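Chemist: Provided below are the primary sequence and the corresponding predicted coordinates.
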Amino acid sequence: MADEDETPVFKVTQEELEKHRVPLAWRDTCAHLLIPLNKCRIRENYFPWKCKDEKHSYEKCQYEDYMRRMRAMEKIKKEKLAAANNAAT
C-alpha cells in the first residue's frame with residue numbers, strides 16, 4: 001500500500017498521452033498502464049477474455065489511487081473536526 005502522504009506520480013508525459021490518443025478524462029496516475037491495455041485491446045479485437053493481465057494491473061492501479069484519495073480526504077476531515085473542536089473550547 002502507498003503511504004498516506006505520498007503524492008501521486010505521473011509516469012508518462014503529456015506528449016506520450018497525446019501520441020497514444022488517451023482522452024483527457026483518462027489522463028491520471030494510471031495512464032501509464034492504460035496505454036499498453038489499449039494497445040492489447042486493439043491487437044486482440046477487444047475480446048473480453050484477452051488482455052486480462054493488463055486490465056487487472058490498470059484496475060488495481062485505479063483502486064489504489066481511489067483508496068489513496070479516500071485516505072487523504074479522511075485525514076482532511078479529521079483535521080477539520082479537530083480544528084473545530086479546538087475552536088469551540
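Modeler: That came through fine. Numbering: from 1, shown residues only.
Chemist: just list the residues touching the closest residue to residue 54 other than its chain neighbours, thanks.
Modeler: Counting by Cβ to Cβ, 6 or more residues apart in numbering, residue 54 lies nearest to residue 37, which is 4.2 Å off, once chain neighbours are set aside. In this view, the C-beta of every residue, glycine as well, is placed from N, C-alpha and C. Neighbouring residues of residue 37 by Cβ atoms under 8 Å, 6 or more residues apart in numbering: 51, 54-55, 57-58.
Chemist: packing partners for the host helix or strand of residue 54?
Modeler: According to DSSP states H and E, residue 54 maps onto helix 52-88. Under the contact criterion of 3 or more Cβ pairs under 8 Å, 6 or more residues apart in numbering; DSSP states H and E, helix 52-88 touches helix 31-43.
Chemist: and the helix it packs on, which residues are buried?
Modeler: Buried residues in helix 31-43, defined by neighbour count with 16 or more other Cβ atoms under 10 Å: 31-35, 37-38, 40-41.
Chemist: thanks again, I'm all set now.
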